[in-house]
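> pasted the sequence and its predicted model underneath.
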Amino acid sequence: MKVQKLFRRTQFGIFLLFGSIALSTSALCVYTVDTHLSKEYESNSKAIAQVIADASVDIMLNRDLSALQSLVDQFLQIQGIKYIYITDESGEFVAHTFVPGIPAEIRAGDPHDMTPIERSLPGMGDFVEVGSPILAGVAGAVRVGMDTSLVALKIQQAIGQQAYLISSIFVLGVFATVWFVNLAAKPLGQLLAYAVHLASGIGRGDESEPGAEFGALLERDDESGQLARLFQYFSRTADPGKLQRDPTPGGGSW
């Protein structure tokens with residue numbers, strides 16, 4: 001569908017508006033989902049670490065390491081938890097879920113630091129690690145690592161669904177925009193054709209009746225109809241001989 005030159009900038013502005021809306025909503029969605037999910041996972045990890053710490057008090061005091069290992073293995077089945085390890089008051093590892101062994105990055109960390117840590121473990125991925133002390137740190141500490149790739153996956157799913165929706169709206173909006181612009185430009189084309197019709201009639205010295213094809217244009221009650229009737233009035237009051245002699249300030253013939 002051909003679009004009149006007068007409306008091309010308007011159509012381009014509408015396309016630019018659709019693109020801006022798509023980009024801004026996608027960026028906002030990524031930021032919102034990432035922020036909320038990251039905080040939720042960190043909070044859940046903290047709660048799980050606290051539960052394990054509370055359940056480990058008697059086990060740590062009794063030094064029942066097999067029961068302690070069984071406890072951490074049970075919590076590993078929760079979605080998002082990738083590793084758990086427990087250290088005693090001296091920082092020694094007494095239970096963990098690493099196979100085949102504890103990564104060097106974990107061994108190099110401070111077991112008494114309970115602040116959340118972002119870790120990148122080779123061959124395993126990226127994690128957010130939170131901790132909880134056992135008996136206020138007297139009996140050791142529990143550390144839980146949550147896989148951040150799960151957050152990224154949920155973000156991709158949310159953005160994917162949004163992308164399908166926005167793409168559908170964009171495609172429909174493009175066709176609707178072209179249709180509405182052409183609908184608005186149609187009277188303009190008719191008005192231009194009518195002006196040419198009147199001009200050719202004046203040049204021949206005819207009275208230049210509108211004809212059936214322009215009857216609907218003259219009956220319109222909008223600006224196109226008003227301009228068409230104004231053109232018709234000027235064509236009937238114009239002097240054909242003067243137009244033939246001097247149609248423009250530069251002279252010439254019609």
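Sure, I can see it.

> where along the chain do the strands fall?
81-87, 93-96, 117-121, 125-134, 140-147 (DSSP state E).

> which other helices and strands contact the fourth one?
So that's strand 125-134. Secondary-structure packing of strand 125-134 (3 or more C-beta pairs under 8 Å, 6 or more residues apart in numbering; DSSP states H and E): helix 8-55, strand 81-87, strand 117-121, strand 140-147. Where you see a C-beta, it was placed from the backbone N, CA and C, and this is true even at glycine.

> let's go with 10 Å and repeat that
helix 8-55, helix 57-62, strand 81-87, strand 117-121, strand 140-147, helix 149-204 (3 or more C-beta pairs under 10 Å, 6 or more residues apart in numbering; DSSP states H and E).

> nearest to residue 104, out of the strands of the chain?
When the strands of the chain are compared by C-beta to C-beta, strand 117-121 sits nearest residue 104, at 9.3 Å.

> what comes up buried for the closest one?
Of the residues in strand 117-121, 117, 119, 121 count as buried by neighbour count, 16 or more other C-beta atoms under 10 Å.

> got CSV for those, with distance to residue 161 and pLDDT too?
Compiled in CSV, the buried residues of strand 117-121 are given as follows (distance: C-beta to C-beta, whole Å; pLDDT from 0 to 100):
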residue, distance to residue 161, pLDDT
117, 32, 85
119, 30, 85
121, 31, 85
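
> closest to residue 158 among those?
Lowest distance from residue 158 to these (C-beta to C-beta) belongs to residue 119, with 24.9 Å.

> circling back: nearest to residue 99 among the helices and strands packed on strand 125-134 would be which one?
Closest approach to residue 99 among those (C-beta to C-beta): strand 81-87, 9.5 Å.

> what angle sits between that closest one and strand 125-134?
Strand 81-87 and strand 125-134 are oriented at 40 degrees to each other (axes from the mean of the first three to the mean of the last three C-alpha atoms, to 10 degrees).

> what helices or strands is strand 81-87 leaning on?
The contact analysis (3+ C-beta pairs under 10 Å, 6+ apart) places strand 81-87 against helix 8-55, helix 65-75, strand 93-96, strand 117-121, strand 125-134, strand 140-147, helix 149-204.

> okay, now the unreliable bits of the stretch 151-254 of the chain?
By pLDDT under 70, the low-scoring segments of the stretch 151-254 of the chain are 201-213, 215, 238-254.

> how long is stretch 55-69 end to end?
End-to-end distance of stretch 55-69 (C-alpha to C-alpha, to the nearest Å): 12 Å.

> stretch 127-143 too?
12 Å.

> could you list the buried residues of that stretch?
127-134, 139-143.

> possible to save the strands of the chain as a markdown table with distance to residue 170?
Formatted as a markdown table, the strands of the chain follow (distance: least, C-beta to C-beta, whole Å):
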| stretch | distance to residue 170 |
| --- | --- |
| strand 81-87 | 38 |
| strand 93-96 | 50 |
| strand 117-121 | 36 |
| strand 125-134 | 33 |
| strand 140-147 | 34 |
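
> nearest to residue 192, out of these?
Checking the strands of the chain against residue 192 by C-beta to C-beta gives strand 125-134 as the closest, at 63.2 Å.

> can you tell me how far residue 218 sits from residue 192?
Distance from residue 218 to residue 192, counting by C-beta to C-beta, to the nearest Å: 15 Å.

> follow-up on the earlier one: would you list the buried residues of stretch 127-143 in a markdown table and tack on pLDDT?
As requested, these are exported to a markdown table (pLDDT from 0 to 100):
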| residue | pLDDT |
| --- | --- |
| 127 | 86 |
| 128 | 85 |
| 129 | 87 |
| 130 | 88 |
| 131 | 87 |
| 132 | 88 |
| 133 | 88 |
| 134 | 86 |
| 139 | 79 |
| 140 | 84 |
| 141 | 88 |
| 142 | 90 |
| 143 | 90 |
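
> nearest to residue 197 among those residues?
Ranked by distance to residue 197 (C-beta to C-beta), these are led by residue 128 at 74.8 Å.

> now that closest one, nearest residue through space, not along the chain?
Nearest residue to residue 128, sequence neighbours excluded (C-beta to C-beta, 6 or more residues apart in numbering): residue 146, at 5.0 Å.

> fine by me, thanks again.
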